[in-house]
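A.B. asks: sharing a model prediction with you, sequence too.
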Amino acid sequence: MRAIEADNLVVRVGGRRGRNAVNGLGLRLSRGVHGLLGPNGAGKTTLIRTLATVQRPTSGSLSLLGQPVGGGLRPVRRRLGYLPQHFGFYKRFKVREFVEYMAWLKEMPSRRIPGAVASSLERVGLADRADDPMKALSGGMVRRVGIAQAIVNTPDVLLLDEPTVGLDPAQRLRFRELVAELGEQSCVLISTHLVEDVAAACTDVVLVAEGSVVFQGTPADLVNAGTPEHVGDSPIERGYSALITTRSGGAW
Ligand SMILES: Nc1ncnc2c1ncn2[C@@H]1O[C@H](COP(=O)(O)OP(=O)(O)OP(=O)(O)O)[C@@H](O)[C@H]1O
């Protein structure tokens, strides 16, 4: 069974005068760590929000963990983890309370919550900050709490929108190790602008432009798409530029 299966998926945003941010997209993802790349406005956040079931598809088909999205979503939501680009919290929550609250929203059995919260905070290196108020944390630490709440229920599908923004170099390395561990059991999809993170952490790359998938392959395939003439500081960035430029005639 595939974790994520989308066919001809269309997601319209912005009401009647809006646009199709996702536009006829097809995608199949199983276990592993998948990097989601694409230029600004390509539709990455809209796609991740749709996969997280917070945004409704306009048309096309979408199945998560073998369940078509559209009917009862609660069983699927219990098995999802989602780090939005921006997430809100009550500033007076302590770190542990916030992650406990998210676990409760995911309908975890209450007897499992304390252990799961402790272990997810441990995995993001914040066990010693569990009793600090959220408002006392740095931006990078808040991002790590966001990762902890996303993994607290040991999700089968983990969706991370720009998870490494604000992380220092040591934490980015730790993050890469963590997602590699998680990808052994789950389907992890990471949206990022950091092509280097994809090269280091992902087994598979999905490139979107104008709301649809223009490339899916390994990081090595992406490297092979580039030539020394393409823009970028590394072979993988040049591969990315080659695929985006070919498609747009260089207008990005
Ligand atoms: N609520 C909205 N109302 C109107 N337009 C929207 C809305 N949300 C997204 N869009 C538009 O849909 C398109 C896709 O946006 P989306 O945020 O999904 O792209 P993205 O690939 O995540 O971009 P970025 O890399 O800049 O974060 C953009 O043109 C954006 O302006």
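C.D. replies: It's in.
A.B. asks: from now on I want contacts and neighbour counts done on CA atoms only, so please keep to that.
C.D. replies: OK.
A.B. asks: all strands of the protein, in order?
C.D. replies: 4-13, 19-29, 32-37, 59-64, 67-68, 80-83, 157-161, 187-191, 204-209, 212-217 (DSSP state E).
A.B. asks: in TSV: the ones you listed, plus mean pLDDT.
C.D. replies: Shown next, in TSV, are these (pLDDT from 0 to 100):
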stretch	mean pLDDT
strand 4-13	97
strand 19-29	96
strand 32-37	96
strand 59-64	96
strand 67-68	92
strand 80-83	96
strand 157-161	97
strand 187-191	96
strand 204-209	96
strand 212-217	95
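A.B. asks: would you list these in a markdown table and tack on distance to residue 235 and mean neighbour count?
C.D. replies: Output for these, formatted as a markdown table (distance: least, C-alpha to C-alpha, whole Å; neighbours: other C-alpha atoms under 10 Å):
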| stretch | distance to residue 235 | mean neighbour count |
| --- | --- | --- |
| strand 4-13 | 29 | 20 |
| strand 19-29 | 25 | 19 |
| strand 32-37 | 15 | 26 |
| strand 59-64 | 34 | 19 |
| strand 67-68 | 38 | 16 |
| strand 80-83 | 29 | 25 |
| strand 157-161 | 24 | 26 |
| strand 187-191 | 20 | 26 |
| strand 204-209 | 14 | 23 |
| strand 212-217 | 15 | 18 |
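A.B. asks: so residue 19 sits against residue 41, correct?
C.D. replies: No. Using C-alpha atoms under 8 Å, residue 19 makes no contact with residue 41, being 11.2 Å away.
A.B. asks: how about stretch 211-228, does it reach the ligand?
C.D. replies: No. If you take C-alpha under 6 Å from any ligand atom as the test, stretch 211-228 misses the ligand, and the best it gets is 7.2 Å.
A.B. asks: for the most centrally placed residue in the chain, which residues are in contact?
C.D. replies: Centroid-nearest residue in the chain, with C-alpha atoms, centre = their mean: residue 160, separated by 2.3 Å. Going by C-alpha atoms under 8 Å, 6 or more residues apart in numbering, residue 160 touches 48, 82, 83, 84, 147, 188, 189, 190, 191.
A.B. asks: now compare the residues you listed and name the two farthest from each other.
C.D. replies: Within these, 48 and 147 form the most distant pair, 15.0 Å apart (C-alpha to C-alpha).
A.B. asks: packing partners for the worst-scoring helix or strand of the chain on mean pLDDT?
C.D. replies: Using mean pLDDT, DSSP states H and E, helix 235-248 stands out as the lowest-scoring helix or strand of the chain, at a mean of 82. Under the contact criterion of 3 or more C-alpha pairs under 8 Å, 6 or more residues apart in numbering; DSSP states H and E, helix 235-248 touches helix 195-201, helix 219-225.
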